[in-house]
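# using only what follows, build the 3D model:
(one chain, ligands or ions: 1)
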Amino acid sequence: MNTTPLRLLIHGASGRMGQALQRLGSEADSGCDVVAAVSRKVDARVLEGIPQFAASELHGVPEFDVAIDFSLPQAFDAILGLCVARRVALVSGTTGLSDAQKAALDAASVLIPLSWASNFSLGVAVLHTLVERAAQALPGWDCDIVEAHHTRKLDAPSGTALTLGEAAQAGGAAPHYASLRAGDIVGEHLVQFTGMGERIELVHRASNRDIFARGALHAARRLHGRAPGRYRVADLL
Ligand code: NAD
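Take a look at the predicted model:
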């Protein structure tokens, strides 16, 4: 059995998700060694003992096996570029990417293994399947996706709502979206199918960011050593 720890770069390390990744990626049984924590600037929220770098120093980071990126769209091009230049795997959960950035992900997947997902929780991976099946079974019903997040979230509708919408469309529905921004809500998604006199509600509630961080760490371990390509969360479970 290979017991060499996976050398991780965390991009967006000082953020809400980055802090969860640092903590869980540093646990003794994580199978990981966090060799670089990159944030917009050097930040006190990076754990002691983890080498940290500002965005301007990105190209000077030591060798790593997989980058995990939970940053912002304006930071995304730099980490994708670094992973392609060094031919290493990328796991990214950054949402709000432009169409050009999504196309760049596709182009990069010819050269490196990568997994981008709007949501790295197991529950949402299952919810996608349920939504597509419900949409197929309920032609002509209204489909509405309501998402709620904390007030500091920048993009709306959430990346998860849009991906759930794609699943609904794949099943033949035409979803509408609504977004709520309130307090410290980690993330809630309701997919509602409404017919005449009846309604089905499929709901996922995240109460803790660790579910996304654990999913991304799991994806990183499973992605390392794979052939170039784009992998979905479901491919890496
Ligand atoms: P946050 O605002 O708390 O953190 C953003 C991080 O990005 C910070 O560390 C900041 O320093 C860093 N950053 C900003 N500009 C940078 C630059 N130019 N170079 C390098 N780093 C830079 O955000 P958050 O709540 O941690 O969320 C991060 C992203 O992850 C968002 O897009 C959010 O929607 C997404 N998210 C995805 C999932 C998922 O499962 N896919 C779950 C939660 C959040």
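# next, see if stretch 106-116 gets close to the ligand.
No: Stretch 106-116 lies apart from the ligand when judged by Cβ under 6 Å from any ligand atom; the minimum separation is 8.3 Å. (Each C-beta comes from the backbone N, C-alpha and C, glycine too.)
# er, stretch 184-197 actually
No: with Cβ under 6 Å from any ligand atom as the criterion, the ligand is not reached by stretch 184-197; the gap is at least 6.7 Å.
# ends of stretch 63-73, how far apart?
With Cα to Cα, to the nearest Å as the measure, stretch 63-73 spans 24 Å from end to end.
# same deal with stretch 150-163?
19 Å.
# which other helices and strands contact whichever strand or helix holds residue 22?
Following DSSP states H and E, the helix or strand that holds residue 22 is helix 16-25. When contacts are defined as 3 or more Cβ pairs under 8 Å, 6 or more residues apart in numbering; DSSP states H and E, helix 16-25 packs onto strand 6-11, strand 32-39, helix 210-223.
# tell me the most buried of those?
Stretch with highest mean neighbour count among these: strand 6-11 (a mean of 26; mean count of other Cβ atoms under 10 Å).
# mind checking how far it is from the chain centre?
Between the centre of strand 6-11 and the centre of its chain there are 15 Å (Cα atoms, centre = their mean, to the nearest Å).
# give the partner strands of that strand in its sheet and their orientations.
strand 32-39 (parallel), strand 66-69 (parallel) (DSSP bridges).
# for residue 46, which of those strands is the nearest?
Minimum separation from residue 46 across the strands paired with strand 6-11 (Cβ to Cβ) falls at strand 32-39, 4.6 Å.
# that closest one vs the ligand: in contact?
Yes: in terms of Cβ under 6 Å from any ligand atom, part of strand 32-39 sits within range of the ligand, namely 38-39.
# and the residue of the protein nearest the ligand?
Nearest residue of the chain to the ligand (Cβ to the nearest ligand atom) works out as residue 15 at 2.0 Å.
# now the helices and strands packed on helix 16-25 in JSON lines, with mean pLDDT?
Compiled in JSON lines, the helices and strands packed on helix 16-25 are given as follows (pLDDT from 0 to 100):
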{"stretch": "strand 6-11", "mean pLDDT": "98"}
{"stretch": "strand 32-39", "mean pLDDT": "98"}
{"stretch": "helix 210-223", "mean pLDDT": "96"}
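# I'd like the ones you listed laid out as TSV, including distance to residue 80.
Converted to TSV, the helices and strands packed on helix 16-25 look like this (distance: least, Cβ to Cβ, whole Å):
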stretch	distance to residue 80
strand 6-11	10
strand 32-39	13
helix 210-223	15
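# out of those, nearest to residue 237?
Closest approach to residue 237 among the helices and strands packed on helix 16-25 (Cβ to Cβ): helix 210-223, 7.8 Å.
# tell me which residues are up against the closest one.
6, 8, 17, 20-21, 23-25, 30-32, 66, 68, 70, 89, 91, 93, 113-115, 117, 119-123, 206, 231, 233, 236-237 (Cβ atoms under 8 Å, 6 or more residues apart in numbering).
# need the buried ones from these selected in PyMOL.
To isolate the buried members of the contacts of helix 210-223 in PyMOL, using 16 or more other Cβ atoms under 10 Å:
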select buried, resi 6+8+17+20+21+24+25+30+31+32+66+68+70+89+91+93+113+114+115+117+119+120+121+206+231+233+236
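# next up, the contacts around the residue nearest in space to the middle of the chain.
Residue closest to the mean C-alpha point of the chain, counted by Cα atoms, centre = their mean, is residue 93 at 2.2 Å. Residues counted as contacts of residue 93 (Cβ under 8 Å, 6+ apart) are 17, 68-70, 116-120, 212, 216.
# got the domain boundaries for the protein?
Per automatic domain parsing, the structural domains of the chain span 6-116+210-236, 122-206.
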